[in-house]
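> Model the structure of this input:
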Amino acid sequence: MRVCLYQRISTDEDHQPTSLKTQRERLERYCEAMEDWRIVAAHEDQASGTSLDRPGLQQALDLAREKRIDLLLVYRVDRLSRKVRQLAGLCEELDQLDVVLKSATEPFDTGSPAGRMMLQMLGVFAEFEHATIVDRVTAGLERRVREGKWMSGRSPYGYTRDKKTKLLVPDEVKAPVVRRIFDLYAGGKLGTTAIARTLDTEAAPPPRKQGWSPNALQLILANPAYRGLVRWNGETYPGLHDPLVDDDTFEKAQQILRRRGEDASLRRGNPTDYLLSGLVRCNHCGRAYVGTSAHGRNGRYTYYACSTRYKYGPSKCNGDRLPKDRLEAAVLAQLAELYRDGHLIEKALSDLANVTESERPDLEDQLASTRAEIARVEGKLERYFEGFEDGRLAADLFQDRVHGHRDRLETLREREADLTARLAAQAHTPPDAAALRGLADQLEAIVADENPEQAKELLRLLIKDIQVHDRRRIIPTYRIPAAVRAIPRKVGGTGLELGGMRLN
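Coordinates of the predicted model:
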């Protein structure tokens, strides 16, 4: 009987009783006690049992598919998977390959109908056990929140964590800054941009190295922690920490935030008026340009301004301001001319096909790497849950890391979805030159009808970005619509750059 051993752990090997070494020794002794059993391979994993995409398991399955083993031996059934459906699929595949699945600590093997029934029952218990752990941990975290204890990984600006009680306590240096922010906003009626510049001038310690910004201030102003509350899953509960601002001041700040957020006329500029918003970028600092306006003797002047300079002042970035109407007119005129040039479009489509073919393997590698990282992070969460179940970890010791891993997992899954969509987009047939020439007519018609939202939507299909070096050198990069997600590619050639154009 040719035997392949398989071990898996999902907790730290130094603290888990059934470590990889312990499992291996137990499996080897089990084989020694059996007559005519010969170990031909051994594979292991340190990953979550919720996914079958594990290197060691796949290597063991490859041996079965190559008819090089007769039996797959595991320490426990949950070392293979904690999901009934996955176990059933594994059992069926091994049965078709005439490979027996057996556990060294549980009374079953898949060589008989009774053994297969026992495997399914054990799988049900393993899945139930895992779900119970997750529910228990979640309930423990919710209970702590209802008790008023802070749960998130990072303390709010203005607070620190007491090492003994784990509660939030006011920071002697930053807490007064928080109170000043609310006083300036609610009492002084200053905007977040003016407050950011004031705090920079006063050398107030910022929450990030980049300095104070309107976005950072909005997060502080909207955080109920400064009112003495704890937020969890969209709801707030009375906290055990001391508030930094009183109820009246906090509520005034929320009213101003809501009013300024709902009434576009109270903002510096109406974003729907700026057709190129989100597309123009500063070549000096890499940040996006934003639409803004100013009032002079002759009326209202509209501009695109570097967001770094707009938020932090010219000392942080000296990117030039650009007149809105002139920049938009120049880009729209060049864009229409470009898409009416049939020869250039045909060349771009040919280049696109070549790039698509060459970049697909790299996208597939990135997708595989992302999925492997997802499995790794899921494994980390699984280790914490198993440690909690075994009584080796208390919820308050690992809750911050669980939050961090969950955030990381959400980011990875978004990247996985993006890569999957980009690969799917490569299968689409790009439009022909005639169809692209029609886009220029469509764009001109939309702009003529004064429909800025539709114009902005179409421009995002046709423009990758517009890099601003200075007023004399502004370089847009256009793209083929069918390849917007798949190939964010520059379309090279004469007439594609606004180099040398001067906007006064």
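
> in whatever helix or strand E93 lives in, what counts as buried?
According to DSSP states H and E, E93 maps onto helix 84-96. Using 16 or more other Cβ atoms under 10 Å as the test for burial, helix 84-96 gives V84, Q86, L87, L90, C91, L94. All C-beta spots, glycine's among them, are computed from the backbone N, C-alpha and C.

> Also stretch 326-337?
L327, E328, A330, V331, L332, Q334, L335, A336.

> cool, and stretch 194-211?
By neighbour count on 16+ other Cβ under 10 Å, the buried set for stretch 194-211 is I195, A196, R197, T198, L199, D200, A204, P206, P207, G211.

> closest to T160 among these?
Distances from T160 to those, taken as Cβ to Cβ, are shortest for P207 (13.3 Å).

> Send over stretch 30-47 as CSV, restricted to the C-alpha atoms.
Only the C-alpha atoms of stretch 30-47 are listed here, as CSV (Å, rounded to 0.1, in the frame of the first residue of the first chain):
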residue,chain,number,x,y,z
TYR,A,30,0.3,4.7,12.4
CYS,A,31,1.9,3.5,9.1
GLU,A,32,4.5,1.4,11.0
ALA,A,33,1.7,-0.4,12.8
MET,A,34,0.1,-1.4,9.5
GLU,A,35,1.4,-4.3,7.6
ASP,A,36,2.7,-3.6,4.0
TRP,A,37,2.2,0.1,4.2
ARG,A,38,4.9,2.2,2.6
ILE,A,39,5.2,5.9,2.8
VAL,A,40,6.1,7.3,-0.6
ALA,A,41,5.4,11.0,-0.1
ALA,A,42,4.5,13.6,2.6
HIS,A,43,3.1,17.0,2.0
GLU,A,44,2.1,19.8,4.3
ASP,A,45,0.5,23.2,4.4
GLN,A,46,0.2,26.2,6.7
ALA,A,47,-3.1,27.7,5.5
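
> which residues in the chain form helices?
20-32, 55-65, 84-96, 113-146, 175-182, 192-201, 214-221, 247-262, 307-312, 324-339, 342-389, 395-425, 433-448, 452-462 (DSSP state H).

> Where among the ones you listed is average confidence lowest?
Mean pLDDT per stretch puts helix 113-146 lowest among the helices of the chain, at a mean of 58.

> Next, the contact list for V290, please.
Residues near V290 by Cβ atoms under 8 Å, 6 or more residues apart in numbering: S277, Y304, A305, S307, Y310.

> With E93 instead?
By Cβ under 8 Å, 6+ apart, the residues touching E93 are L61, A64.

> Can you tell me how far it is from Q86?
11 Å (Cβ to Cβ, to the nearest Å).

> One more: I256?
Relative to Q86, and taking Cβ to Cβ, I256 is found at 53 Å.

> got it, and R76?
Distance from R76 to Q86, by Cβ to Cβ: 15 Å.

> What of P176?
55 Å.

> now L52
Distance from L52 to Q86, by Cβ to Cβ: 6 Å.

> swap in G404?
Distance from G404 to Q86, by Cβ to Cβ: 27 Å.

> Same check on N298?
Distance of N298 to Q86, given as Cβ to Cβ: 71 Å.

> got it, and H43?
17 Å.

> Likewise for R154?
Counting by Cβ to Cβ, the gap from R154 to Q86 is 36 Å.

> Ok, A445 next?
54 Å.

> do the same with Q23
Counting by Cβ to Cβ, the gap from Q23 to Q86 is 20 Å.

> Equivalent analysis for L63, please.
L63 is 19 Å from Q86, by Cβ to Cβ.

> same thing with D78?
Counting by Cβ to Cβ, the gap from D78 to Q86 is 11 Å.

> you'd agree V402 is up against R383?
No: at 10.5 Å, V402 does not count as touching R383 under the criterion of Cβ atoms under 8 Å.

> What about K67, how many residues nearby?
11 (other Cβ atoms under 10 Å).

> now the one 3 residues further on
Here the number of neighbours of D70 (other Cβ under 10 Å) works out to 17.

> Got phi/psi on it?
phi -110, psi -20 (degrees, to the nearest 10).

> Let me see the contact set for it.
If you count contacts by Cβ under 8 Å, 6+ apart, then D70 has M1, R2, V3, D98, V99, V100 around it.

> with those residues in mind, which one is nearest to R340?
V99 (64.5 Å).

> which residue sits closest to that closest one, ignoring its sequence neighbours?
Leaving aside its sequence neighbours, V99 sits nearest to A64 (Cβ to Cβ, 6 or more residues apart in numbering; 4.4 Å).

> isn't the one you found right next to L97, touching?
Yes: counting by Cβ under 8 Å, A64 touches L97, with 4.9 Å between them.
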